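Colleague: One predicted model, sequence on top.
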Amino acid sequence: MLNADLVRAAVETYGDMLYRICIVMLKNQSDAEDAVQDTFMTYIRKAPQFDNSEHEKAWLITVASNKCRDVLRYQNKHRTESEDKLFYIAQEDDGGLILEALSMLPEKFRIVLTLYYIEEYKVDEIADIIGKSPSAVKMRLQKGRRLLAEKYRKDFM
Amino acid sequence: MKYDKLKQKARQIRLSDEQKERIIRNCEAFAAGNDTKDNTEFRSHVYGVERIEKNRQNIVRIISSMAACAVIVCAVSVTAHLAKMRGGEDMPGQSSMVQFPTSPQVTTSAGSSDKLPMGDLSMLDYTISCPGTEDRIVKTLKLIDGNTINVRVGDPLTQAQRDALADYFDSIKYEPVAESYVDNPASSRSSCYSFAYLGENEYRTISFFSDGRMRCTYITYETDADGNAVATSISTQNDFKIDYDDMMSAIEKVLAMDNSELNNAETTTAVQTDTAATAAETSVSVPEIYAHDTTVTSTEVPAVQLTTAAPPVNNTGYSDYYSDTLKYELISDIRNGYYDFCCQDFWSVAVNGIRFPDSDIYEDYTYKGVSDLPAEDWNKIADYLSNIDYSSAQSRSDGTMSNYATLAYADGSGKYRSIQFSNDGWVRFREYECSVSYPGTREPEYIIMYEVKSEDFRIDGYRELLTEIGTQYCYAHGIVMD
């Protein structure tokens, strides 16, 4: 178990980034906050050793994205069609609308596009984080970009 | 698309101070042991497993089913097929099936050379198939024996990468392996990497084997009056001795060179057989590969990636559990498109390594499929699976399953699932739980499988459905479902 100080530091350092990813994935503030908290609890419980801060950050993103996937599966199982509360942030400007369009893509494209365009990870880093090959990430980026453009044009233009 | 605005907007999403404090407070309580609640009720509910009494099925069944299930194990290789093809080149009566512009010639083995036998990679637009490559087939070559070879399209290489590869390949002195060499899957595995070049009337491939061989194939073809591409000469079994580990290392270094060129959609090629005979051969040979392949020893596996304390493999039936919780979850996942649809002879690639603790065997866990079916098709499959009578699970007496099509899923946290449809009226649901290395490590991740659950059911009517779907998507990739 990690001590409280380390956890506080981790939340301060990575909390916003994880929350951003979770909210794009889950479209719901409460769920996103829970997923972030759950991620840090896993962090405390496992107390993994990291080579460096990038490794630590990647580990947290991986765990958070898995938590999000769990939530999505749970929601799907229980048919909880929660209204999308995400876009308190999404206003009627281009960035907000694109963000909303992004949140409507299938999960596997959402995470890749989020990591690439918002968190500015490189392809091979994303591959490490999501456990896919760089080639697969490239393909998802390509297809995700196309889907995002289609979604944006169709629903928001 | 204005990605900068997307980033700008997304960066405005932050935890409020109140949220942060709440998380920290809860985490501190958790760390102090005052609160063990970590919001995992939903998972324990979703994943809550009623452990059913252990099924005494032996490791061979686990291994063979595992192998067959995720379309797995692509023992179907360029080489196997080409070797097979060579044997059938003079089959009587079959030459009339394809009208060749000229008589195809089969040549074997090149002489010793200081240069890459298959040409200069810096000049030829070679491309690569590797784990995760989203291959698609661009051409089918007809052969004199009536078989076909599919030419695939996958990942392009950048000029810099090809230059680097050319430098590396040119630095090697190639010594031919004896012509009589026979592939032995028990002692050698093909690399997950292969190179291919598709020219106007020629097709070249380079593949690698773990026993220290590089194999080059060279096929010329022409287009007949009906527009079919037909092979006019085939050069196979150009095997050369290599330092396999060094070769793999060099390839990986080159692949790591450039991740920025995302939009180059050029050709990569690889060969795959289409024949039912080859598919059947694959399903038979898989268990042997798994059962006897001890060429990968524990010393080759990064120790940091192994959980040595993992319990041995158990094999537990789903039984009643399946019909309630898992069924719903599986079907939900299918509807969500979380699965890959794998045609029986889909070219598969290594994505992971698995250690079977009780036999100490290591093997690649491989599957490859189509993940981008439209929701309508996922729903059709889910609807079909929803309507199966799950009240009477049965086990096939021999434990083996042929493979017509498979749905495969890995959730990234150690849970692998597959739904395998056989050729003869069975469906097998399997779930593997594995320990995984830290996320963030580079593949292949070596993982330890510590539990397998499995259940078989007699079904009918699935071939029509899967063929309909497979025809659209696998055919699009040049795959034939027989």
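Modeller: Cool, got the structure.
Colleague: Can you spell out the domain ranges of chain A, please?
Modeller: A:1-89, A:92-157 (automatic domain parsing).
Colleague: Unless I misread the structure, B:I128 falls within a strand.
Modeller: Yes - according to DSSP: H, G, I helix; E, B strand; the rest coil, B:I128 belongs to a strand.
Colleague: Tell me, how many residues neighbour it?
Modeller: Residues near B:I128, counting by other C-beta atoms under 10 Å in any protein chain shown, number 24. The way it works is simple: take the backbone N, C-alpha and C, and place the C-beta from them, glycine included.
Colleague: Select the helix or strand of chain B having the lowest average pLDDT value.
Modeller: helix B:276-292 (a mean of 26; mean pLDDT, DSSP states H and E).
Colleague: Mean confidence (pLDDT) on stretch B:140-153, please.
Modeller: Averaged across stretch B:140-153, pLDDT comes to 68.
Colleague: Oops, could you answer that again for stretch B:203-221 instead?
Modeller: For stretch B:203-221, mean pLDDT rounds to 81.
Colleague: buried set for the host helix or strand of A:V36?
Modeller: Under the criterion of DSSP states H and E, A:V36 resides in helix A:29-46. Buried residues in helix A:29-46, defined by neighbour count with 16 or more other C-beta atoms under 10 Å in any protein chain shown: A:29, A:31-44.
Colleague: Now do it: distance to the chain's middle.
Modeller: Distance of helix A:29-46 from the chain centroid (C-alpha atoms, centre = their mean, to the nearest Å) equals 12 Å.
Colleague: helices or strands next to the next helix or strand after that helix in the packing?
Modeller: The first helix or strand that comes after helix A:29-46 along the chain, using DSSP H and E, is helix A:53-77. Secondary-structure packing of helix A:53-77 (3 or more C-beta pairs under 8 Å, 6 or more residues apart in numbering or on different chains; DSSP states H and E): helix A:4-26, helix A:29-46, helix A:107-113, helix A:123-130, helix B:41-47, helix B:327-335.
Colleague: Columns distance to A:S53 on top of the ones you listed, output as CSV?
Modeller: Shown next, in CSV, are the helices and strands packed on helix A:53-77 (distance: least, C-beta to C-beta, whole Å):
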stretch, distance to A:S53
helix A:4-26, 8
helix A:29-46, 13
helix A:107-113, 21
helix A:123-130, 13
helix B:41-47, 28
helix B:327-335, 34
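Colleague: rank these by pLDDT, which is bottom?
Modeller: Among these, helix B:41-47 scores lowest, at a mean of 32.
Colleague: which residue sits closest to B:I419, ignoring its sequence neighbours?
Modeller: Spatial nearest neighbour of B:I419, chain neighbours left out: B:L407 (4.3 Å); criterion: C-beta to C-beta, 6 or more residues apart in numbering or on different chains.
Colleague: cool, B:N379 as well?
Modeller: B:R335 is the one closest to B:N379 (C-beta to C-beta, 6+ apart), at 5.8 Å.
Colleague: First residue to last residue on stretch B:217-231, what's the distance there?
Modeller: Criterion C-alpha to C-alpha, to the nearest Å; first-to-last residue distance in stretch B:217-231 is 13 Å.
Colleague: for that stretch, which positions count as buried?
Modeller: So stretch B:217-231, judged by 16+ other C-beta under 10 Å, has buried residues B:T217, B:Y218, B:I219, B:T220, B:Y221, B:N228, B:A229, B:V230, B:A231.
Colleague: go on, stretch B:163-172?
Modeller: Buried-residue list, stretch B:163-172, by 16+ other C-beta under 10 Å: B:D163, B:A164, B:L165, B:A166, B:Y168, B:F169, B:I172.
Colleague: thinking again about what came up before, wait, which of the buried residues of stretch B:217-231 is closest to B:D460?
Modeller: B:N228 (36.0 Å; C-beta to C-beta).
Colleague: Need phi/psi at that closest one.
Modeller: Per-residue torsions, B:N228: phi -80, psi 140 (degrees, to the nearest 10).
Colleague: Quickly note the distance from it to B:L143.
Modeller: Applying C-beta to C-beta, to the nearest Å, the value for B:N228 to B:L143 is 11 Å.
Colleague: Could you count how many residues lie near residue 5?
Modeller: In the absence of a named chain, chain A is used. Neighbours around A:D5, by other C-beta under 10 Å: 10.
Colleague: Correction: the question concerned chain B.
Modeller: With other C-beta under 10 Å as criterion, B:K5 counts 16.
Colleague: so it is in which element?
Modeller: Following DSSP H and E, one finds B:K5 within helix B:3-10.
Colleague: Now do that helix: which elements does it pack against?
Modeller: Short answer (3+ C-beta pairs under 8 Å, 6+ apart): helix B:3-10 packs on helix A:94-103.
Colleague: mind redoing it with 10 Å?
Modeller: Here helix B:3-10 touches helix A:4-26, helix A:94-103, helix A:134-156, going by 3 or more C-beta pairs under 10 Å, 6 or more residues apart in numbering or on different chains; DSSP states H and E.
Colleague: what's the next secondary structure element after it?
Modeller: Counting by DSSP H and E, the next helix or strand C-terminal to helix B:3-10 is helix B:17-31.
Colleague: pull the CA atoms of that following helix into CSV?
Modeller: Extracted C-alpha coordinates of helix B:17-31, given in CSV (Å, rounded to 0.1, in the frame of the first residue of the first chain):
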residue,chain,number,x,y,z
ASP,B,17,-11.1,21.3,-6.0
GLU,B,18,-14.0,19.7,-4.3
GLN,B,19,-13.8,16.6,-6.5
LYS,B,20,-10.1,16.3,-5.9
GLU,B,21,-10.5,16.6,-2.2
ARG,B,22,-13.2,14.0,-2.2
ILE,B,23,-11.0,11.6,-4.1
ILE,B,24,-8.0,12.2,-1.9
ARG,B,25,-10.1,11.8,1.2
ASN,B,26,-11.5,8.5,0.0
CYS,B,27,-8.1,7.3,-1.1
GLU,B,28,-6.5,8.2,2.2
ALA,B,29,-9.2,6.4,4.0
PHE,B,30,-8.7,3.4,1.7
ALA,B,31,-4.9,3.6,2.2
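Colleague: buried ones in that helix?
Modeller: By neighbour count on 16+ other C-beta under 10 Å, the buried set for helix B:17-31 is B:Q19, B:K20, B:I23, B:I24, B:N26, B:C27, B:E28, B:F30, B:A31.
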